[in-house]
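> Sequence unavailable; structure follows:
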């Protein structure tokens with residue numbers, strides 16, 4: 001390689017490097033400005049995305065609130081209905097307990113009356129047995145007296161004949 005070629009090569013290398021340095025130095029402000037512009041645009045886009053995210057989150061929260069409010073309203077209606085049903089059933093229980101007390105009193109009274117009637121029946125059965133015995137005794141007496149009378153009449157008939 002000759003000296004001219006080396007010089008040409010060096011000039012080409014250094015010239016390209018110098019041009020690149022000068023271009024880089026000249027474009028540095030432009031590149032910084034573009035970088036700042038890109039950063040500002042990115043920040044603006046990020047702000048828009050944050051605002052959109054807040055809006056979506058707010059809408060979702062509102063939808064959830066409305067959904068929960070509707071559900072709470074339904075549950076409150078259900079509770080009111082159940083409370084009314086409970087009150088109705090408690091009233092029925094009170095009425096049934098009152099009726100049960102009345103029926104228990106009635107059962108007690110009927111049992112007492114039944115016991116009294118059993119005693120009366122036993123007394124009447126004893127009286128009937130006593131009368132039956134008296135009737136049998138009287139029937140025996142009638143038979144005896146009839147026989148005696150027949151015997152007396154037979155004797156009188158024998159005497160009269």
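Perfect, thanks for sending it. Keep in mind that this is a model prediction, so the values were computed, not measured.

> Quick check: the gap between residue 104 and residue 98.
11 Å (Cβ to Cβ, to the nearest Å). For the C-beta atoms, the positions are set from N, CA and C on the backbone; glycine is no exception.

> Then residue 123?
For residue 123 relative to residue 98 (Cβ to Cβ), the value is 38 Å.

> And residue 120, by the same measure?
Relative to residue 98, and taking Cβ to Cβ, residue 120 is found at 33 Å.

> same deal with residue 67?
Using Cβ to Cβ, residue 67 is found at 47 Å from residue 98.

> Repeat that for residue 4.
Using Cβ to Cβ, which is the criterion applied here, residue 4 is 132 Å from residue 98.

> Just list what the helix or strand where residue 140 lies packs against, helices and strands only.
Element membership of residue 140, judged by DSSP states H and E, is helix 3-160. Helices and strands touching helix 3-160, as assessed by 3 or more Cβ pairs under 8 Å, 6 or more residues apart in numbering; DSSP states H and E, are absent.

> pLDDT on it, on average?
Confidence for helix 3-160, expressed as mean pLDDT, is 88.

> How about the contacts made by residue 127?
Contacts for residue 127 (Cβ atoms under 8 Å, 6 or more residues apart in numbering) come out as none.

> got the contact list for the residue nearest the centre of the chain?
Most central in the chain under Cα atoms, centre = their mean is residue 82, positioned 8.7 Å from the mean C-alpha point. Under the criterion of Cβ under 8 Å, 6+ apart, residue 82 has no neighbours.
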